[in-house]
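# What follows is a predicted protein model with its sequence.
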Amino acid sequence: NVTPELAPPPKAEAQPKKRRNWRDHLTSYDEVDNDEDGIVVKRRPTNTEEEERIPNENVYSGNEKFKQDEERELAEKPTKKEVMDIAAVRANLPIYSFREDLIKAVKTGQTLIVIGETGSGKSTQISQYLMEEGFADRGVIGITQPRRVGAVSVARRVAEECDCDIGDMVGYSVRFGDQTSPKTKIKYMTDGVLLRECLLDPMLKRYSVIILDEAHERSVNTDILFGLMKMTLAKRPDLKLLITSATLDQGKFSHYFNNSRVFFCPGRSYPVDIFYLDEPNKDYVDKAVRTAIRIHEEEGKGDILIFLTGQYEIEEACNRLEKEMQKLYKRKPDMQDLVIVPLYAALPPGEQSKVFQPAPTGTRKVVVATNIAETSLTVEGVVFVIDPGYVKQTGFNATTGMESLEVVYISQVAAQQRAGRGGRTRPGKCYRLYTKTEYDNLIPSTVPEIQRSNLCNVILTLKAMGVGDILGFEFLDPPDPVLLIDAMKQLFFLGALQPDGSLTTVGEKMAKFPLDPKFSRALVAASETGCTRDMLSLVAMLSIENIFYRPSTKEGRAKSDDKRRELFEDISGHVPDEITGDHVALLYLYDSWLDSHKDNKFCNEYFVQPRHMKEADDIRKQLHEIMETEKLSLSDKKGRYSERMERLSLALCQGLYINAAKRFNRPPEAKPKHLREKINNDEDLAHNQYQDYTYVVMNRGQLALVHPQSAVLLSPQQQAPEWIVYGDLVQTTRVFMRTVCGVKEEWLEVLHERKKDLNVSKLVGRDVREVVSSLKLAQAVSTEIVDSKYDESHAEE
Ligand code: CDP
C-alpha cells in the first residue's frame, strides 16, 4: 500500500548495488570511515571531485537524492521567496499567536517563566520578538543553552531567519568559539559562557535581557545562573530575565523567583500511540534497527526518530540500518529509499544541519540521535519515535571521588518528551523498547546535574565572584553538602583557597581559565616552572575527549593500538621512566603533528581525528591569550628533552597531586609479550593478570588499575612508575585510572604539608558538624572529612 508520491523513481530498482552508504552524505573532509582493513580518512572533495560525486542517473539512493535536492534548492530558490517562506514558517509556529501577550508579560514584570512545548518556537522566536520590540536597543539579548550544539544550531537558524550572517546581528559564543561582533544584538551562548561573563561583570551591563533556555535540563551551569541572576536582578531593575522550559515544576520556580509570573504557550501536538514490549529486551540497538525497518516497510508516510546514547552506538545503528536496507532492496526492489541521518554533539555543525532538512519526496528520513533530539533540537516531520529508554549521563560520587559517564534509564518525564516528538505534525506512534512495568518503575524526573557533579569549577567561579558562603548560596535544589565540602577541600589543596576559604592569588588566576581547576592550576604552575609552551599544548590536548580513534573491529583496534605503541616507543628512551605516561605521550603527539605541518595523513596514520587536533590547536591559542592577558610569565627554560619533560611533570603534579597513587605490587622486570598482547585483545583478562598495574589511590586508600589504553601499559620497555597521578577515576567493571603520569615522591610532599592546615569548618565558613547533623548526613561526611591516611593493610581489604 505505497501511495503514489511515495513510490520510488523508476531508476531506483535497476541499480540497487550502487546505492551509496549513509556516510557518503557526510562531506566533512575529516570524517573517519571505518572498514574491515582499518580506517580510511576521506578528504574534503575538491571541486572536481565534488562534481564527480554528483551521481549520474544510474547511481541513486535516498541520501544522494537528499544532497541533490539540497543543491538544487540552494541554486534555484530566489532569495525573496526564501524570505517569504521563512516569514510563513515563523508565523506558523505556535508561539506566534501569543506574541503580543508575551511581550506584554515581559514588559510588566522583571522575571517571567515561559513554559511551552518543545518546538513551539521558544528558542528561536522569543529573542527575535524582543528585538523587534526594541529590547535590543538598550543592550544585547542573551540566550543560554545547556549544550554547545544547541547554542550553535539555534543561532544559525535565527541568523538565517533574520537574513544576516552569523556573528553579525545574531551571533553565538561557546567555550573556545566566539562568533559575535559589536553589531550583535541577539547572542546565543552556552550557560557556561554566561557564567564566565558573570565573573568579569556580575552586573551583566551589556545585556538588556537574559533568557535562560532549556531550564528543564537543569544543567549545573543553568542552576548556578538561577542563583546568580537572582542577585543581579536585585541590583539591576532594568534587566529582564526569562526562564524558558518545556516542562517544569512551575510552582517551585515561580516561588524561587519571587513569585514571578508564568506564561504558558500551548503547543500544537497530536495524540501519540504508545507501544510497549511484552518482554524486556537487552540488545536495544538491534531492536531499534529492526523496529525502524519494520516501520519503513509497513507504515505510511512520516519520518522516524531513534534515540540512542552516543556516537558509537549511533554509527553502529546507521551501519546496520544501511545493511538491512540493502537486504530489503533485494527482497523488494521498488522499496522507497530511507535517508539515514546521524545526530550527535561531536558531528561537525554542517552535518548537524542536515537533520533539519526535509526528506525528499519519495523517501523517508530516519534520524538516529542522542538525547539532543529530546528537547534541544526539534526535528520536523517525525511521526515514529523509537525509544529504547536509555541515556548517557554524568555522575559523581564524592565518597569515592569518581566521575562516571554511564548509560542509565531515562525518567518518565523524559520518556513522555521523547514520545511527544512524534506528534508535532500529525498523530504519531512511539515504540518504547521496554515493558509497561519497566516504564512504571522509571524515576518520575531526572535528578538535577548539580546533585550529581564535581563542583570544583563552580565553587571557584562563585568564590571569584565574591560569594563567600558557598553552603549558604541560594540554590534552587541545593547539592549534597558532601559534594560542596569535598570540592572546597580540593580547591584548598590546589592552593586556590586560603585556610579560611577566601581566594588566593593563585586561585584568582585559576578562575580566569575556562578549565577544570586541576588544569588551570597546572598552567599557573607551568608559568612558575618555565614550561608554559608544553603545558599549553598538553592542556589543550587534554581538553579534547577521546583524541585517539579506536575502530570498532578487533583488527582495527589492534592496528590503532600498534600505532600508539609506536608513538610511545619513540619517546620511551628520552623520558625518564619515573615520569613517563599519557601526558608526555599526548604532548609528543601534538608536537609530532606540528612537525608534520598539521598534515591530515599524519592523523590518519596515528588514528587521530584531524578535526580534534585542529580543535586542540585553537584551544591552545585561546589559553595562550588568557595567559598573556593575565600577565602570567610565558618565558620558558631551555634544556634537554628529558629536562623539559621533568619540568612539565612537576607543574602537572601541582594540579593533579590530589590524585596521587602508589604502585601496589612491583611489576616484573620485563613484561612478557603474550601478556602485552592480551592487554589489547582481552581487556578483562589482562586486568586479572596485570595486577602489577594496580595502585593504591592515596587519599582514598582504595585500589585502582591503570586504564588498559594508557601509555603506561602500552609502552613496552619501562617499568610502571612507582608513583603516579591520574586525570580521573572511572568505575566500569573495576576502578580505573585514566590519563596517568609518573611523578616523583618528593613532589607529593606538599600535599601532606597542606593537610596540616586544613580545618574544614574554617574553610567552608560554617560549623560543618552542625550543618551536617542538621541534614542528617553526619555519618557520610565524617568519613569524608577525616582524610583516610594511606594504609596498605586497609587498602588490601
Ligand atoms: O524552543 P522550542 O523547542 O520551543 O522551539 P524552537 O527550537 O524555537 O524551534 C522552532 C522551529 O524552528 C522548529 O520548527 C524547528 O524545527 C526549527 N528549527 C530549525 O529549523 N533549525 C534549528 N537549528 C532550530 C530550530
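Right, received. Where do you want to start?
# going forward, measure contacts between C-alpha atoms and count neighbours the same way
OK.
# Mind listing what's buried along the helix or strand in which residue 330 is found?
Under the criterion of DSSP states H and E, residue 330 resides in helix 311-331. Buried positions in helix 311-331, judged by neighbour count with 16 or more other C-alpha atoms under 10 Å: 311, 314-315, 317-322, 325-326, 329.
# Dump those into a markdown table; add pLDDT and distance to residue 111 as well.
Listed next are the buried residues of helix 311-331 as a markdown table, based on pLDDT from 0 to 100; distance: C-alpha to C-alpha, whole Å:
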| residue | pLDDT | distance to residue 111 |
| --- | --- | --- |
| 311 | 84 | 38 |
| 314 | 92 | 40 |
| 315 | 87 | 43 |
| 317 | 94 | 44 |
| 318 | 94 | 44 |
| 319 | 92 | 48 |
| 320 | 94 | 48 |
| 321 | 95 | 47 |
| 322 | 94 | 49 |
| 325 | 93 | 51 |
| 326 | 92 | 55 |
| 329 | 89 | 56 |
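# Out of those residues, the closest to residue 595 would be?
Residue 595 has its nearest neighbour among the buried residues of helix 311-331 in residue 311, at 30.5 Å by C-alpha to C-alpha.
# Chain neighbours aside, what residue packs nearest to the closest one?
residue 344 (6.2 Å; C-alpha to C-alpha, 6 or more residues apart in numbering).
# Residue 608 now?
Residue 608's closest residue in space is residue 548 (C-alpha to C-alpha, 6+ apart), at 4.8 Å.
# For the one you found, grab the count of nearby residues.
18 (other C-alpha atoms under 10 Å).
# for residue 267, same thing?
Neighbour tally, residue 267, other C-alpha under 10 Å: 18.
# residues contacting residue 492?
498-499, 501 (C-alpha atoms under 8 Å, 6 or more residues apart in numbering).
# try 10 Å
By C-alpha atoms under 10 Å, 6 or more residues apart in numbering, the contact list for residue 492 reads 486, 498-504, 507, 754-755, 757-758, 760, 763.
# Buried ones only from those residues, please, as a ChimeraX command.
The buried residues among the contacts of residue 492 can be selected in ChimeraX (16+ other C-alpha under 10 Å) with this line:
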select :486,498,499,500,501,502,503,504,507,758,760,763
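# Let me know the closest of the contacts of residue 492 to the ligand.
residue 486 (36.1 Å; C-alpha to the nearest ligand atom).
# pretty sure that closest one is in contact with residue 455, am I right?
Yes. Counting by C-alpha atoms under 10 Å, residue 486 sits close enough to residue 455 to count as a contact (8.5 Å).
# Restrict stretch 120-135 to CA atoms and write it as PDB.
Extracted C-alpha coordinates of stretch 120-135, given in PDB (Å, rounded to 0.1, in the frame of the first residue of the first chain):
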ATOM      1  CA  SER A 120       6.700  25.800  19.900                       C
ATOM      2  CA  GLY A 121       9.300  28.300  18.900                       C
ATOM      3  CA  LYS A 122      10.700  29.500  22.300                       C
ATOM      4  CA  SER A 123      14.400  29.200  21.500                       C
ATOM      5  CA  THR A 124      14.200  30.800  18.000                       C
ATOM      6  CA  GLN A 125      11.400  33.300  18.300                       C
ATOM      7  CA  ILE A 126      11.300  35.000  21.700                       C
ATOM      8  CA  SER A 127      14.700  36.600  21.100                       C
ATOM      9  CA  GLN A 128      13.500  38.000  17.800                       C
ATOM     10  CA  TYR A 129      10.200  39.300  19.100                       C
ATOM     11  CA  LEU A 130      12.100  41.100  21.900                       C
ATOM     12  CA  MET A 131      14.500  42.600  19.300                       C
ATOM     13  CA  GLU A 132      11.600  43.700  17.100                       C
ATOM     14  CA  GLU A 133      10.000  45.400  20.100                       C
ATOM     15  CA  GLY A 134      13.200  47.400  20.800                       C
ATOM     16  CA  PHE A 135      14.600  45.400  23.700                       C
END
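# mean confidence for that stretch?
What stretch 120-135 shows for mean pLDDT is 95.
# What residues of that stretch count as buried?
Result for stretch 120-135 [16+ other C-alpha under 10 Å]: buried residues 120-131, 135.
# Looking at those, which are in helices?
122-131 (DSSP state H).
# ok, which of the residues you listed also contact the ligand?
Residues of these in contact with the ligand (C-alpha under 6 Å from any ligand atom): 122-125.
# want to throw these into a markdown table with distance to residue 734?
A markdown table is the format used below for these (distance: C-alpha to C-alpha, whole Å):
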| residue | distance to residue 734 |
| --- | --- |
| 122 | 44 |
| 123 | 42 |
| 124 | 45 |
| 125 | 48 |
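# contacting residues around residue 513?
196, 457, 519-521, 523-524, 622-623, 626-627, 630 are the contacts of residue 513 under C-alpha under 10 Å, 6+ apart.
# Could you rerun that using 8 Å?
So residue 513 contacts 520, 623, 626 (C-alpha under 8 Å, 6+ apart).
# Then residue 354?
Here residue 354 is in contact with residue 341 (criterion: C-alpha under 8 Å, 6+ apart).
# and it, which of the three is it?
When classified by DSSP: H, G, I helix; E, B strand; the rest coil, residue 354 comes out as helix.
# Please, where are all the strands along the stretch 451-600 of the chain?
With DSSP state E, counting those that start in this stretch, there are no strands along the stretch 451-600 of the chain.
# any low-confidence regions in it?
Applying pLDDT under 70 to the stretch 451-600 of the chain picks out residues 552.
# residues contacting the residue of it found nearest the ligand?
Residue nearest to the ligand within the stretch 451-600 of the chain: residue 476 (22.4 Å; C-alpha to the nearest ligand atom). Counting by C-alpha under 8 Å, 6+ apart, residue 476 makes contact with 223, 226-227, 253, 256.
# of all these, which comes closest to residue 561?
residue 223 (40.9 Å).
# Helix, strand, or coil at the residue nearest to residue 161 when sequence neighbours are not counted?
Nearest residue to residue 161 in three dimensions, chain neighbours excluded: residue 86, at 6.2 Å (C-alpha to C-alpha, 6+ apart). Residue 86 falls in the helix class when you classify it by three-state DSSP.
# Run through the residues that contact the spatially most central residue of the chain.
Here the mean C-alpha position of the chain is nearest to the C-alpha of residue 345 (C-alpha atoms, centre = their mean), at a distance of 6.7 Å. Residues near residue 345 by C-alpha under 8 Å, 6+ apart: 148-149, 372.
# Return the item of those having minimum pLDDT.
residue 149 (83).
# how about the contacts of residue 476 in TSV, adding secondary structure, neighbour count and distance to residue 422?
Output for the contacts of residue 476, formatted as TSV (DSSP: H, G, I helix; E, B strand; the rest coil; neighbours: other C-alpha atoms under 10 Å; distance: C-alpha to C-alpha, whole Å):
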residue	secondary structure	neighbour count	distance to residue 422
223	helix	21	29
226	helix	20	31
227	helix	16	35
253	helix	18	28
256	helix	16	33
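# Please work out which residue of the stretch 401-550 of the chain is closest to the ligand.
Counting by C-alpha to the nearest ligand atom, the stretch 401-550 of the chain gets nearest to the ligand through residue 424 (9.1 Å).
# right, and that residue touches residue 271 too?
No. Using C-alpha atoms under 8 Å, residue 424 is not in contact with residue 271; the gap is 9.1 Å.
# Among these two, which residue is more densely surrounded?
In this view residue 424 and residue 271 are compared by other C-alpha under 10 Å, and residue 424 has more residues nearby, 24 against 14.
# Now do the contacts for the more buried one.
Going by C-alpha under 8 Å, 6+ apart, the list of residues near residue 424 reads 119, 268-270, 380-383.
# Pull out whichever of those residues are also neighbours of the ligand.
Restricting the contacts of residue 424 to contacts with the ligand (C-alpha under 6 Å from any ligand atom) yields 119, 380.
# would you list the contacts of residue 424 in JSON lines and tack on secondary structure?
As requested, the contacts of residue 424 are arranged in JSON lines below (three-state DSSP):
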{"residue": "119", "secondary structure": "coil"}
{"residue": "268", "secondary structure": "coil"}
{"residue": "269", "secondary structure": "coil"}
{"residue": "270", "secondary structure": "coil"}
{"residue": "380", "secondary structure": "coil"}
{"residue": "381", "secondary structure": "coil"}
{"residue": "382", "secondary structure": "strand"}
{"residue": "383", "secondary structure": "strand"}
